[in-house]
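[1] sequence unknown, structure follows:
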DNA sequence: GTCTATACCTTGATAGAC
DNA sequence: GTCTATCAAGGTATAGAC
């Protein structure tokens, strides 16, 4: 056989990941990615049925990294759930701001596939759920985790979309986080 | 002159608004809109320099309606800032869920133009800011409003993107709102 | 099985005629 | 102001070379 394999799926995802992180989703076209790995655009369809599948793969990678960062932040501090929540919140925001293009992709548009296999959106919140369970008990743990996630996510999104130019956003972030940490502990 | 005026800017915005609300942003193409108002696509560019300008106009309309709903909710209840915040939070979420396509447009991508003229994102939070000012004082009012806005916005976004299938989201929403209303009152 | 060549269709946008 | 014509990108399907 003459046509040996020039590209592998993982390579494609990796290149797409870097491109999105650097220049944003709009910059990622099938032709552009193909050019980077030196093949024709149509060849990509032998590895991904459609563009959205590629984007999903990229998003999954991003979720994996984000979840890892949260895990790390949670285990670094003491086992006090309040400190853990605070640490995870700060880390979450940092990650989102530093990987702005990627973060937007993670939560823009794509309905979560909830694939049981690897990184899923709910896996991202798992460490938060663990902390809230200790703090407020199993019955309210999910609701508490949802609330905290919503706050942190919303804050990052508003910052990324430029809706928080006024004063220092950090203050509002820490204030909100404090409200949860205190308010949830009865 | 042969070609008389067939369309007005406001009509275009109105039609685009309805189309977005019904079928989402993806459904709005210049050709599609042109067809609706019975004109050629290129003619639209005499009313909007580019598509994004049209989308901005639509978003501005949406912000205006959302802000009006919040104002209404705030004045309907007593002058207790806690009740006002709670009422506005519930109303905000309702509006977002009911106008999902529109809501996504409001906060997706577009950097806010902060036009001093009419409806701007900060005008949306104005009634919230008024309530927090009474509750926590002027020095912390902005931070508190930011935090509340972030929570509500984040919650709606997570619901709209399908990241909250598990159990009843309402519980988490009310729990979070309660945290703020109580936590901010010292 | 993998990649190339090619073509189709939709879309945003522009130029110039009336 | 609106028209026609036209362009450049981009997603995608298909046929075929090796």
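    Right, received. Where do you want to start? Keep in mind the model is a prediction, meaning the values are calculated, not measured.

[2] Give me the spatial nearest neighbour of residue A:147, chain neighbours excluded.
    Leaving aside its chain neighbours, residue A:147 sits nearest to residue B:176 (3.1 Å; criterion: Cβ to Cβ, 6 or more residues apart in numbering or on different chains). C-beta here means a position set from N, CA and C on the backbone, and glycine is covered the same way.

[3] ok, how many other residues are close to that neighbour?
    29 (other Cβ atoms under 10 Å in any protein chain shown).

[4] average pLDDT across whichever strand or helix holds it?
    Assigning secondary structure by DSSP states H and E places residue B:176 in helix B:169-184. Average pLDDT, helix B:169-184: 92.

[5] other SSEs contacting it?
    helix A:138-160, helix A:169-184, helix B:81-98, helix B:121-136, helix B:138-160 (3 or more Cβ pairs under 8 Å, 6 or more residues apart in numbering or on different chains; DSSP states H and E).

[6] re earlier: contacts only, for the residue nearest to residue A:147.
    A:146-148, A:150-151, A:180, B:151, B:155 (Cβ atoms under 8 Å, 6 or more residues apart in numbering or on different chains).

[7] So which of these reach DNA strand D?
    For DNA strand D, no contacts are drawn from the contacts of residue B:176 by Cβ under 7 Å from any atom of the strand.

[8] of all those, which two lie farthest apart?
    The largest separation in these, counting by Cβ to Cβ, is between A:180 and B:155 at 12.9 Å.

[9] tell me, what's touching those two both at once?
    Listed as contacting both residue A:180 and residue B:155 by Cβ under 8 Å, 6+ apart are A:147, B:176.

[10] Least confident secondary structure element in chain A?
    Among the helical and strand segments of chain A, the one scoring lowest on mean pLDDT, DSSP states H and E is helix A:121-136, with a mean of 89.

[11] Give me the residues contacting that helix.
    Taking Cβ under 8 Å, 6+ apart as the rule, helix A:121-136 contacts A:63, A:66-67, A:70-71, A:74, A:81-82, A:84-85, A:88, A:106, A:112, A:114, A:140-142, A:144-145, A:148-149, A:184-185, B:163, B:166.

[12] Which positions within the biggest helix by length in chain A qualify as buried?
    Across chain A, the longest stretch assigned as helix under DSSP state H is helix A:51-76. Within helix A:51-76, the residues scored as buried using 16 or more other Cβ atoms under 10 Å in any protein chain shown are A:54-63, A:66-67, A:69-71, A:73-74.

[13] quick revisit: from the contacts of helix A:121-136, which would you call buried?
    The buried subset of those - by 16+ other Cβ under 10 Å - is A:63, A:66-67, A:70-71, A:74, A:81-82, A:84-85, A:88, A:106, A:112, A:140-142, A:144-145, A:148-149, A:184, B:163.

[14] Would you check which of those residues are in contact with DNA strand C?
    The subset of the buried ones among the contacts of helix A:121-136 within reach of DNA strand C, by Cβ under 7 Å from any atom of the strand, is empty.

[15] Get me the contact residues on chain A for DNA strand C.
    Those residues of chain A that sit near DNA strand C, judged by Cβ under 7 Å from any atom of the strand, are A:1-3, A:5-7, A:38-43, A:46-47.

[16] Now intersect those with the helices, please.
    A:41-43.

[17] so how many other residues sit close to residue A:40?
    Residue A:40 has 11 neighbouring residues, counting by other Cβ under 10 Å.

[18] ok, and the closest non-adjacent residue to it?
    In this structure, residue A:40 finds its nearest non-sequential neighbour in residue A:34, 5.8 Å apart by Cβ to Cβ, 6+ apart.

[19] Kindly indicate the member of the ones in helices among the residues of chain A next to DNA strand C with the most neighbours.
    Result: residue A:43 is most packed of these (other Cβ under 10 Å), 16 neighbours.

[20] tell me the contacts of that residue?
    When the contact criterion is Cβ under 8 Å, 6+ apart, the partners of residue A:43 are A:6-7, A:34.
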